[in-house]
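Visitor: Sharing a model prediction with you, sequence too.
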Amino acid sequence: MRKLVLVILIIIVGISCKEKTTYQLQILIKNKTNNPLTVKLFPKIEYRSGDLYDFSKIGGGHRNTEFQIESNLEMEIYITNNLTVEPYHLARQVFDSIHISTFNETLHEIKFSTLQVRGYSENLFSENSNWTFELRNFDLPTNFQRNPVESYDYIFEISQDKLTK
């Protein structure tokens, strides 16, 4: 009887430690300028919580709606488990507008909204916007097991040469 209980416990532990890959899609903003960017997100009301917003459909909590991105770095602005959604459509679903300030010789402001863009040559909310796709694999560690993640990442780059007056 003891051997049977021990075998059952070993099987249960073995099954519970089995790796399960999580699949997600992220939209990110990447700073390709030489200066830090200040990003101010204006999420739709159902995603807002004061100065915070729910940045993930698959868990993760809330983040500030305003943050900085240093040169050559990126920041995810929303994560979902819907792998078939287009990045511009996801941006439209979650945000009313996105404002970005860059500090070079003078303050330069970019304002993206679903209807128009000011200060930049393309609109991240537009079907014709230029998003870069990258498939990334990484682990989210836990105490007792690996948690592999396959991330479908769409990156919208803010570059100096696309700034307009």
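Guide: On my side now, so go ahead.
Visitor: Find the helix or strand that Met75 is a member of.
Guide: strand 74-80 (DSSP states H and E).
Visitor: continuing past that strand, what's the next helix or strand?
Guide: That would be, after strand 74-80 and using DSSP H and E, helix 87-94.
Visitor: Can you give me the buried ones in that next one?
Guide: Buried residues in helix 87-94, counted by 16 or more other CB atoms under 10 Å: 87-88, 90-92, 94. Where you see a C-beta, it was placed from the backbone N, CA and C, and this is true even at glycine.
Visitor: got it, and stretch 99-117?
Guide: Neighbour-count burial for stretch 99-117 [16+ other CB under 10 Å]: 99-102, 108, 110-113, 117.
Visitor: Show the low-confidence segments of this protein, by residue range.
Guide: 1-19, 104-105, 141-144 (pLDDT under 70).
Visitor: now with 80?
Guide: Applying pLDDT under 80 to the chain flags the ranges 1-19, 59-60, 103-107, 140-146.
Visitor: Which parts of it are strands?
Guide: Ranges of strands within the chain are 22-32, 37-43, 48-49, 52-54, 62-64, 66-69, 74-80, 95-103, 107-113, 117-118, 132-139, 148-159, based on DSSP state E.
Visitor: Out of these, which gets nearest to Ser126?
Guide: strand 117-118 (7.8 Å; CB to CB).
Visitor: still on that earlier bit, out of the buried residues of stretch 99-117, which comes closest to Met75?
Guide: For the buried residues of stretch 99-117, the nearest to Met75 is Ile100 (11.3 Å; CB to CB).
Visitor: which ones are touching that closest one?
Guide: Neighbouring residues of Ile100 by CB atoms under 8 Å, 6 or more residues apart in numbering: 29, 37-40, 109-112, 158.
Visitor: Could you pull up the contacting residues of Val85?
Guide: 25, 93.
Visitor: ok, it to Phe156 distance?
Guide: Distance of Val85 to Phe156, computed by CB to CB, to the nearest Å: 15 Å.
Visitor: Equivalent analysis for Tyr47, please.
Guide: Distance from Tyr47 to Phe156, by CB to CB: 18 Å.
Visitor: Looking at the two, which is more packed in?
Guide: Phe156 (23 against 20; other CB atoms under 10 Å).
Visitor: Please name the bridge partners of the closest residue to Asn31 other than its chain neighbours.
Guide: Distances taken as CB to CB, 6 or more residues apart in numbering place Ile69 nearest to Asn31, at 4.3 Å, with adjacent residues excluded. Beta-bridge pairing of Ile69 under DSSP bridges involves Leu37.
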